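Colleague: this one's structure only:
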């Protein structure tokens, strides 16, 4: 019997905590500033334009140079889930979100082309890393038992 793709993905879960604190800045649609030039050299930064608002996710130090947003969320820590994921994988983020929700930890998941990212409150990152490693270890135990 082979492991499910979800179990395999969880067994290869490797969280990488980025060094800096981040914030989310929300601007009403049409009121957002231009994307700062400083974002071009960033290892982790996001701008999302949707029909209702523009959201920036960026290092707190860069955020200070932008105009006051309608909404500011943070400080946050960013965690990159290093292992590449199959685009057809289902349930990966729901397992993570469920485990964090059981412990009352808020989460902002961000999907990218081949890997996922998590934004969590700065105060929660040690617990989040422990939870992620626990999920990984449990998946590895299931794989080893087969």
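Modeller: Arrived safely, thanks for sending. This one's a predicted model, so the numbers in the text were calculated from it and none came from an experiment. Numbering: from 1, shown residues only.
Colleague: remind me which residues of this structure are low pLDDT?
Modeller: 1-2, 145-146 (pLDDT under 70).
Colleague: which strand is the longest one in it?
Modeller: In the chain, assigned by DSSP state E, the strand with the most residues is strand 15-28.
Colleague: C-terminal to that strand, what's the next element?
Modeller: Using DSSP states H and E, the helix or strand that follows strand 15-28 in sequence is strand 46-49.
Colleague: show me what that following strand is in contact with.
Modeller: Here strand 46-49 makes contact (CB atoms under 8 Å, 6 or more residues apart in numbering) with 29, 32, 35, 39, 54-58, 110. For the C-beta atoms, the positions are set from N, CA and C on the backbone; glycine is no exception.
Colleague: run me through the strand neighbours of the very next helix or strand once past that strand, direction for each.
Modeller: Downstream of strand 46-49, the first helix or strand assigned by DSSP H and E is strand 53-59. When sheet partners are counted by DSSP bridges, strand 53-59 sits next to strand 15-28 (antiparallel), strand 46-49 (antiparallel).
Colleague: buried deepest among those strands, which one?
Modeller: Among the strands paired with strand 53-59, strand 15-28 has the highest mean neighbour count (mean count of other CB atoms under 10 Å), at a mean of 17.
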